[in-house]
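J.: Predicted model, plus sequence, below.
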There are 2 protein chains.
Amino acid sequence: MMTARNILKFTRNTVFGTTFGLLAATSALAQSDDLPSWNETASKAAIVAFVEKVTKENTPDFVPELDRIAVFDNDGTLWTEHPMYVQLAFALDRVKTMAPEHPEWKDTQPFKAVLDNDMKALAAAGEKGLIELIMATHSGMTSDEFAKIATDWIASARDPKFKKPYTELVYQPMLELLAYLRANGFKTYIVSGGGVEFMRPWAEKVYGIPPEQVIGSSIKTQFEMRGDIPTLLRLPEVNFIDDKAGKPVGINQHIGRGPIAAFGNSDGDLEMIQWTTMGGTTPRFGLIVHHTDAEREYAYDRDTPFGKLDKALDVAADNGWTVVDMKADWKQIFPGK
Amino acid sequence: MMTARNILKFTRNTVFGTTFGLLAATSALAQSDDLPSWNETASKAAIVAFVEKVTKENTPDFVPELDRIAVFDNDGTLWTEHPMYVQLAFALDRVKTMAPEHPEWKDTQPFKAVLDNDMKALAAAGEKGLIELIMATHSGMTSDEFAKIATDWIASARDPKFKKPYTELVYQPMLELLAYLRANGFKTYIVSGGGVEFMRPWAEKVYGIPPEQVIGSSIKTQFEMRGDIPTLLRLPEVNFIDDKAGKPVGINQHIGRGPIAAFGNSDGDLEMIQWTTMGGTTPRFGLIVHHTDAEREYAYDRDTPFGKLDKALDVAADNGWTVVDMKADWKQIFPGK
């Protein structure tokens, strides 16, 4: 006969036992499936080992959730940066769109080079020319207006190689990595040399990273009332360059505490990865995405104007940083089939 | 006889009924107790009405949690700013502490004025003198070193009127307001003219606001390797002044979306409250703390060098902003008895 006590015992052993058993199985399954686009190589093993180490309570390596801060470069780390930075493609398109209002551009460099599709003349204009292009196309409107311009462009523009929207040229393995870290209590930030107001309008939808967790370069803005409407006008003046030694500065300014994991792909990320991984008392993780897949994406490192990886590649091994070999480590590059 | 169906019905009506009844009662009680240090005046009613409005689902005024951003000035809004800004008291103390290493200060203004406790001479040195004091005391060390200096000072310093640590001269009604907003899904930020690295070391403990939600003024920092240790050196150069028209700029730079509620106490907060409350499509809330209690704290507005409230007071009513009368609206000023 089944007494009340027996019923309780039965219930505990079967219902709860099964439930907990299932939960445990689900959790183990979920864990092994969190990074399905990563091949079972040393890179994936290093990531998983780090995450398991810092999340294991009652061990010396445990890091409380509040301190689990992970910073990601964007160009070349989360999405493609060849044949040129996406934001540069945006600036060039903007020059063409705005040209009718600026007849003088037909005879003025570097604008003439853009309108003539003369990449040689554009390269000759150098960094100074580039800044001129950025200022002409990125300032003079309010922050809200610029957000709309960036949103509209990103929805309609296509890259020259894959003929796809740039927001589809994000790396599937890195999307999985972002989600995996967040599922393990990490707060994920973008720390990019790109413009902060260029990234924010779409970063939440594409990466699950909200505007307040996007750190980037910026131009100065100025508060002004337009009648009863307060606005921020974008000025043609550099405010902050969030690249190289600027990245630790931007992180400290914005987050106010050090990350424990940093992900980049170029020498522009060197100081950020140093700042993150060296001198801390808890476990740290540094990772560099090495573009080695000319077929599925692009192959480049020491000799490219966009995402040059040279010094950071030289020092990676000595510092214990993981170098991802895109071709060998990633089953799949972009989302979808 | 009690049939199975009757048992279920009975259970639903009693156990669940009672539970839900209790939950509802608890919730109502909790709500009415969330702001116990606020008198039952129009200010409290306005706060509660706003929070209830934006949190009520399936209504046109509902605001999703992600957009429930509330920004708080610090000096004079969350803690006391008289007889002088706390950070100025810190700078003056630092001058005295550092004087032995700077024998030349005995004969150089504005340092001589500080060492002589000559407030008249100090005032005569004006803003230029103030910046000199700040630079001399706030730069030349790493960010980590400065955090320790600020932490040690805030633990030991006492204010001249109440003889208490400054972190105990925070406003109990505002602490309750911060907690009440957070309990209702708001993300609370400090947006202060004070130095961001001066506030971050203690803001989490005192206000429950983590470093990444503290926005403030800053000096420039520079990344450098000291041997194997990456550091950020604080330079004697202003980076950003997070005051007046700088506050909307700082908010946009840092958060990347507009707050729906802003809390301040001086003309330094005017543009922040305008930016928050004007031109939005969802309900907005602006509040100004008016220092009217000479006995329990201080009474000042239009005629003070610290926390001048003039223009913002003039336009508050027309803009529908709530003006807190500290004497009438607050049962208690500081925490404890």
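T.: Right, received. Where do you want to start? Quick caveat: nothing in here was measured; it's all calculated off a predicted structure.
J.: Residue numbers of chain A in contact with chain B?
T.: A:66, A:143, A:196-197, A:200, A:210-212, A:214, A:218, A:221-223, A:225, A:228-230, A:232, A:239, A:245-246, A:248-249, A:252-257, A:271, A:274-275, A:278-279 (CB under 8 Å from any CB of the partner chain). Placement of C-beta: from N, CA and C, glycine included.
J.: Just the ones in helices from these, please.
T.: Counting by DSSP state H, these place A:143, A:196-197, A:200, A:246, A:248-249, A:252-254, A:271, A:274-275 in helices.
J.: hang on, A:I190 is in a helix, isn't it?
T.: No. Using DSSP: H, G, I helix; E, B strand; the rest coil, the assignment for A:I190 is strand, not a helix.
J.: Please name the bridge partners of it.
T.: A:F72, A:V214 (DSSP bridges).
J.: Can you get me a residue count around A:A124?
T.: 12 (other CB atoms under 10 Å in any protein chain shown).
J.: and if you look at A:D152?
T.: Using other CB under 10 Å: A:D152 sits among 11 other residues.
J.: What sits closest to the residue nearest the centre of chain A if chain neighbours are left out?
T.: Here the mean C-alpha position of chain A is nearest to the C-alpha of A:N74 (CA atoms, centre = their mean), at a distance of 3.0 Å. Leaving aside its chain neighbours, A:N74 sits nearest to A:S192 (3.8 Å; criterion: CB to CB, 6 or more residues apart in numbering or on different chains).
J.: can you check A:G140 too?
T.: A:G140 sits nearest to A:R234 (CB to CB, 6+ apart), 6.6 Å away.
J.: Remind me which helix or strand that neighbour belongs to.
T.: strand A:229-240 (DSSP states H and E).
J.: So what angle separates the directions of that strand and helix B:246-254?
T.: 60 degrees (axes from the mean of the first three to the mean of the last three CA atoms, to 10 degrees).
J.: are any of the residues of chain A next to chain B buried, and which?
T.: A:143, A:196-197, A:200, A:210-212, A:214, A:218, A:221, A:223, A:230, A:232, A:239, A:245-246, A:248-249, A:252-257, A:271, A:274-275, A:279 (16 or more other CB atoms under 10 Å in any protein chain shown).
J.: Using PDB, list the CA coordinates for the helix or strand where A:G216 lies.
T.: Here A:G216, judged by DSSP H and E, is contained in strand A:214-226. Written as PDB, here are the backbone C-alpha positions of strand A:214-226 (Å, rounded to 0.1, in the frame of the first residue of the first chain):
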ATOM      1  CA  VAL A 214      29.300  50.600 -26.700                       C
ATOM      2  CA  ILE A 215      32.500  52.600 -26.400                       C
ATOM      3  CA  GLY A 216      34.000  54.300 -29.500                       C
ATOM      4  CA  SER A 217      35.600  57.200 -31.100                       C
ATOM      5  CA  SER A 218      33.600  60.400 -31.100                       C
ATOM      6  CA  ILE A 219      33.400  64.000 -32.400                       C
ATOM      7  CA  LYS A 220      32.400  66.800 -30.200                       C
ATOM      8  CA  THR A 221      28.700  67.600 -29.700                       C
ATOM      9  CA  GLN A 222      27.000  70.800 -28.500                       C
ATOM     10  CA  PHE A 223      23.800  71.200 -26.600                       C
ATOM     11  CA  GLU A 224      21.400  73.700 -28.000                       C
ATOM     12  CA  MET A 225      17.700  74.500 -27.700                       C
ATOM     13  CA  ARG A 226      15.900  74.600 -31.100                       C
END
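J.: How far does it sit from its chain's centre?
T.: Averaging C-alpha positions (CA atoms, centre = their mean, to the nearest Å) puts strand A:214-226 21 Å from its chain's average.
J.: per-residue confidence averaged over that strand?
T.: In this model, strand A:214-226 has an average pLDDT of 97.
J.: wait, A:S218 sits on A:N239?
T.: Yes. Counting by CB atoms under 8 Å, A:S218 does reach A:N239; the two are 4.4 Å apart.
J.: Mutual contacts of the two, please.
T.: B:Q253 (CB atoms under 8 Å, 6 or more residues apart in numbering or on different chains).
J.: and the nearest residue to A:A245 once chain neighbours are set aside, what does it touch?
T.: Closest residue to A:A245 apart from its sequence neighbours, by CB to CB, 6+ apart: B:F223 at 4.1 Å. The contact partners of B:F223, by CB under 8 Å, 6+ apart, come to A:A245, A:G246, A:P248, A:V249, A:E271, A:W275, B:P230, B:T231, B:L232.
J.: so what's A:M84 up against?
T.: Taking CB under 8 Å, 6+ apart, one finds A:F306 in contact with A:M84.
J.: How much space separates the closest residue to A:M272 other than its chain neighbours from A:V114?
T.: Leaving aside its sequence neighbours, A:M272 sits nearest to A:K247 (CB to CB, 6+ apart; 3.8 Å). Distance, A:K247 to A:V114, using CB to CB, to the nearest Å: 29 Å.
J.: circling back to that earlier point, how about the contacts of B:F223 in a markdown table, adding pLDDT and distance to A:Y180?
T.: A markdown table is the format used below for these (pLDDT from 0 to 100; distance: CB to CB, whole Å):
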| residue | pLDDT | distance to A:Y180 |
| --- | --- | --- |
| A:A245 | 98 | 30 |
| A:G246 | 98 | 28 |
| A:P248 | 98 | 25 |
| A:V249 | 98 | 28 |
| A:E271 | 98 | 26 |
| A:W275 | 97 | 23 |
| B:P230 | 96 | 27 |
| B:T231 | 97 | 31 |
| B:L232 | 98 | 30 |
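J.: Those residues: which two are farthest apart?
T.: Longest distance between any two of the contacts of B:F223 is 15.0 Å, between A:G246 and B:T231; criterion CB to CB.
J.: Export stretch A:285-296 to PDB, keeping only CA atoms.
T.: What follows is stretch A:285-296, C-alpha atoms only, in PDB (Å, rounded to 0.1, in the frame of the first residue of the first chain):
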ATOM      1  CA  PHE A 285      41.900  36.200 -20.900                       C
ATOM      2  CA  GLY A 286      43.200  37.800 -24.200                       C
ATOM      3  CA  LEU A 287      42.200  36.700 -27.700                       C
ATOM      4  CA  ILE A 288      43.200  37.800 -31.100                       C
ATOM      5  CA  VAL A 289      41.200  36.900 -34.200                       C
ATOM      6  CA  HIS A 290      43.700  36.200 -37.000                       C
ATOM      7  CA  HIS A 291      42.200  36.500 -40.500                       C
ATOM      8  CA  THR A 292      43.500  33.500 -42.300                       C
ATOM      9  CA  ASP A 293      40.600  32.500 -44.500                       C
ATOM     10  CA  ALA A 294      40.900  34.100 -48.000                       C
ATOM     11  CA  GLU A 295      38.200  31.900 -49.300                       C
ATOM     12  CA  ARG A 296      35.400  32.300 -46.800                       C
END
